[in-house]
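[1] what follows is a predicted structure for the sequence shown.
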Amino acid sequence: MEAIEVTGLRKTYRDKEAVQGIDLVVARGEIFALLGPNGAGKTTTVEILEGHRRRSSGDVRVLGEDPGAAGRAWRTRIGIVLQDAADAADLTVGEMVRHVAGFYPAPRRPDEVIELVGLTAKKTSKIRTLSGGQRRRVDVALGIVGQPELLFLDEPTTGFDPEARRQFWELIRTLAGDGTTILLTTHYLDEAEALADRLAVLADGRIVAEGTPATLGGRAAAGAKVSWQEAGRTRTEELADPSDLIRKLVADGIDLRTLTITRPTLEDTYLTLIGANR
Ligand SMILES: Nc1ncnc2c1ncn2[C@@H]1O[C@H](COP(=O)(O)OP(=O)(O)OP(=O)(O)O)[C@@H](O)[C@H]1O
């Protein structure tokens, strides 16, 4: 059984068709990233998968059940990292994590979770005294304390400093390594590239591309741009396979320290896809 199976999903808000027929499969243990510009329909889709929003039509199975009809037992098998979940709390980090752990049948040990998100030093601090990035880590702790089979992360690293983002990525890889399926939405292409096994780009309610970070939108087949210095001038050539050119440059004895070979980044590919679907 797949973790998520979606066929022909549609959602209409009054006169706005926010999701216009999405098909999606996420395998168990996979990290899947959903990308797309503001208003593309990511949050709507994710909220339907979480059982927090009704769909207009289509078939949806999450951990084998219809989220629109699933009960409490199903809910304890998924984890949701909500932004701001813990912001107003007058509890300490330890109290909050222990409190939420109590809702689940087989929670992780609260201290272990606090360690995983790097908040051990803040365990006895009140949540309202934490920085924005530290509070986001509490949100993550609350999302994973129930030991979910499937974790939803909606723009999880917004407001994280670079070091915290790297630590968070490590945490996500650890969770995935333990078999947790992860559905992530993000606006950070480097994050999608670093984490996702597969990704899909949504634009205007439709999936316009799907693949691995390396192959999305024909990226692997895209040309390489080769540039080098020759006789004091910068030369540049773009070609599908640079092998012959490189061999020739080596044979000609060019200064290899000046040689660069670049391919479109995931962000280049993404922006091209979004531009083409406007
Ligand atoms: N409750 C609602 N009522 C009416 N329209 C809505 C509602 N929620 C979302 N929409 C509209 O549906 C479309 C998709 O919104 P959604 O929040 O799913 O996009 P998103 O991809 O998550 O965007 P962002 O990157 O900004 O979070 C938008 O045009 C939005 O205005």
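    Received, thanks.

[2] tell me the contacts of Gly133?
    With contacts defined as C-beta atoms under 8 Å, 6 or more residues apart in numbering, the neighbours of Gly133 are 159-161, 164. C-betas here are computed from N, CA, C, even on glycine.

[3] got a winner among the residues you listed for most neighbours?
    Phe160 (20 neighbours; other C-beta atoms under 10 Å).

[4] could you look up the SS state of the nearest residue to Arg136 once chain neighbours are set aside?
    The shortest distance from Arg136 to any residue that is not its chain neighbour, by C-beta to C-beta, 6 or more residues apart in numbering, is 5.8 Å, and that residue is Gly159. Secondary structure for Gly159, judged by DSSP: H, G, I helix; E, B strand; the rest coil, is coil.

[5] for Gly159, grab phi and psi.
    According to degrees, to the nearest 10, the main-chain angles of Gly159 amount to phi 90, psi 0.

[6] show me what contacts the residue nearest in space to the middle of the chain?
    If you average the C-alpha coordinates of the chain and look for the closest C-alpha using C-alpha atoms, centre = their mean, you land on Leu184, 3.0 Å from that point. Residues near Leu184 by C-beta under 8 Å, 6+ apart: 31-34, 153, 156, 172, 191-192, 195-196.

[7] most widely separated two among the residues you listed?
    Within the contacts of Leu184, two members stand farthest from each other by C-beta to C-beta: Leu34 and Ile172, at 14.7 Å.

[8] highest neighbour count among the contacts of Leu184?
    Counting neighbours by other C-beta under 10 Å, Pro156 comes out on top of the contacts of Leu184 with 28 neighbours.

[9] nearest residue to that residue other than its sequence neighbours?
    For Pro156, the closest residue by C-beta to C-beta, 6+ apart turns out to be Val81, at 5.7 Å.

[10] now for the one you found: which residues touch it?
    Taking C-beta under 8 Å, 6+ apart as the definition of contact, the neighbours of Val81 are 139-140, 142-144, 151-154, 156.

[11] most surrounded residue in these?
    Most surrounded of these: other C-beta under 10 Å gives Pro156, at 28 neighbours.
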